[in-house]
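Fold the following for me, if possible:
(one chain, ligands or ions: 1)
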Amino acid sequence: MSGNKLNKAAETVLEAAYAPYSGFRVGAAVVTESGVVHTGCNVENASYGLTLCAERNAIARAVAAEGPAMKIREIYITNRTASGVAVPCSPCGACRQVIAEFATADTLIHYHGEDGIVCKTMAELLPDSFTFSR
Ligand code: THU
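Below is the predicted model:
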């Protein structure tokens, strides 16, 4: 999977974002271990806290399509402000924990940083994530 293809998929889905409250559109593209790309955009709600982030939307679609064993190889996240520019925007804390659920320590996460696109591993982005053991 070329970074370019993942980037394009994220840019395309961003156009579908439902963001009437913030005006901030986000697009995420996940490529799984099976090589398939799944995309998601942010979906806001009048009750703000119900807003769904682009990353979690893409992951839900990946699970729905591939089932519970789905593993994320890479995820690319892009954004646009209301004035049409991309700004630094790393995945929020909730999304990091949800990405971690389907990631390995070396899953790659690409997003807009202060000096262009940043690429970090899951372990770098969320060290010591919560795991559930009974
Ligand atoms: N948003 C995402 O889609 N992903 C993130 O990681 C951070 C924030 C969305 C949620 C909301 O629609 C808008 O960005 C502003 O917070």
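
residues touching residue 54, list them.
13-14, 17, 26-28, 40-42, 77 (CB atoms under 8 Å, 6 or more residues apart in numbering). From N, CA and C alone the C-beta is placed, and that goes for glycine too.

quick check, nearest of these to residue 53?
Using CB to CB, residue 42 comes nearest to residue 53 of the contacts of residue 54, at 5.6 Å.

The closest one: neighbour count?
24 (other CB atoms under 10 Å).

In this structure it contacts residue 52, no?
Yes. With contacts counted by CB atoms under 8 Å, residue 42 reaches residue 52, the gap being 6.5 Å.

Now do the phi/psi pair for residue 30.
The phi/psi pair for residue 30 (degrees, to the nearest 10) reads phi -110, psi 130.

how close does it sit to residue 7?
To residue 7, residue 30 is 13 Å away according to CB to CB, to the nearest Å.

quick one: which of those two has more around it?
residue 30 (28 against 16).

Quick check: beta-bridge partners of that one?
residue 38, residue 75 (DSSP bridges).

Tell me who's in contact with it.
Counting by CB under 8 Å, 6+ apart, residue 30 makes contact with 37-40, 58-59, 62, 72, 74-75.

gap between the residue sitting nearest the centre point of the chain and residue 21?
Most central in the chain under CA atoms, centre = their mean is residue 55, positioned 2.8 Å from the mean C-alpha point. For residue 55, the distance to residue 21 (CB to CB) stands at 18 Å.

which residue ranges form the helices in the chain?
Taking DSSP state H to define them, one finds helices in the chain at 3-14, 54-66, 93-101, 122-125.

May I see the ones you listed arranged in TSV, with mean pLDDT and distance to the ligand as well?
Below are the helices of the chain laid out as TSV (pLDDT from 0 to 100; distance: least, CB to the nearest ligand atom, whole Å):
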stretch	mean pLDDT	distance to the ligand
helix 3-14	94	10
helix 54-66	98	4
helix 93-101	98	5
helix 122-125	98	11
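
how far does the worst-scoring helix or strand of the chain on mean pLDDT sit from the chain's center?
Of all helical and strand segments in the chain, the minimum by mean pLDDT, DSSP states H and E falls on helix 3-14, at a mean of 94. Its chain's average C-alpha position is 11 Å from that of helix 3-14, according to CA atoms, centre = their mean, to the nearest Å.
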